[in-house]
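*Asks:* predicted model and sequence follow; I will ask about them next.
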Amino acid sequence: MRLLATIIAIMLLAGCEDGSGDPSPAARAPETEVLAETETRTAIQIRKLTPAVATVGEPTTFNFEVAYSLANVPQGVINVGFNSWNANSYAFVSDKAIVDEGTGVVTFRVTTTPVKWDEPLTFKLNVSLSEYPHPSSWTPLATATEVIEVVDAPPAQKTRRAVQVPAHTGPLVGAGVAESCDEDPNLATLYCNQF
């Protein structure tokens, strides 16, 4: 169990602040909605994540709320990360929120490029609540993850259009040719029509 906690802490270090006590310029003030009015323990939850489906390799802006309850710690930091570089670890983005003890909700708008991992691995959003400031090596107080479905991009359609050939005045009087071709990159073939 201690080994698992150490591995999680190492994975969470990528991109996280250094614990110097200086909040990021992207730090946000929490809103007033609460996780649960009777919450007396430290907890974190992802809410209202949109979109729930993203296209592989296409930069996507995710909007979501993070509800938190911070107990017995004066201040905490909510870090946001995605497993964009490694299926089994999260790289934090610069967006974070410094929160005070108690409960609240913070709204995030974060853009990242989704990755489609080989099954059974999935692309995930991760949020963690840690003491603020924290040392350079630490274990988060609470974490939450949300799976984001990643779909393949539709095949690109390349269209080639030939110019209309003027009618030939010789034996083929009035004849003209035009063609339209659509390329299927998956089959590496062209589908053409003449008219």
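*Replies:* In hand now; what should we look at?
*Asks:* now do the helices in this protein.
*Replies:* Counting by DSSP state H, the chain has helices at residues 2-13.
*Asks:* the longest strand along it: partners in the sheet, and parallel or antiparallel?
*Replies:* Ranked by residue count, the top strand of the chain under DSSP state E comes out as strand 60-86. In the sheet, strand 60-86 lines up against strand 43-50 (antiparallel), strand 89-112 (antiparallel), strand 123-131 (antiparallel) (DSSP bridges).
*Asks:* find the residue ranges of the chain scoring beneath the pLDDT cut-off.
*Replies:* 1-39, 156-195 (pLDDT under 70).
*Asks:* the nearest residue to Ala43 once chain neighbours are set aside: neighbour count?
*Replies:* Distances taken as CB to CB, 6 or more residues apart in numbering place Ser69 nearest to Ala43, at 4.8 Å, with adjacent residues excluded. Backbone N, C-alpha and C define where each C-beta goes, glycine included. Using other CB atoms under 10 Å, Ser69 has 24 other residues around it.
*Asks:* what is Ser69 paired to in the beta sheet?
*Replies:* Counting by DSSP bridges, the residues bridging with Ser69 are Ala43, Thr103.
*Asks:* any idea how far Gly104 is from it?
*Replies:* Between Ser69 and Gly104 the computed distance is 8 Å (CB to CB, to the nearest Å).
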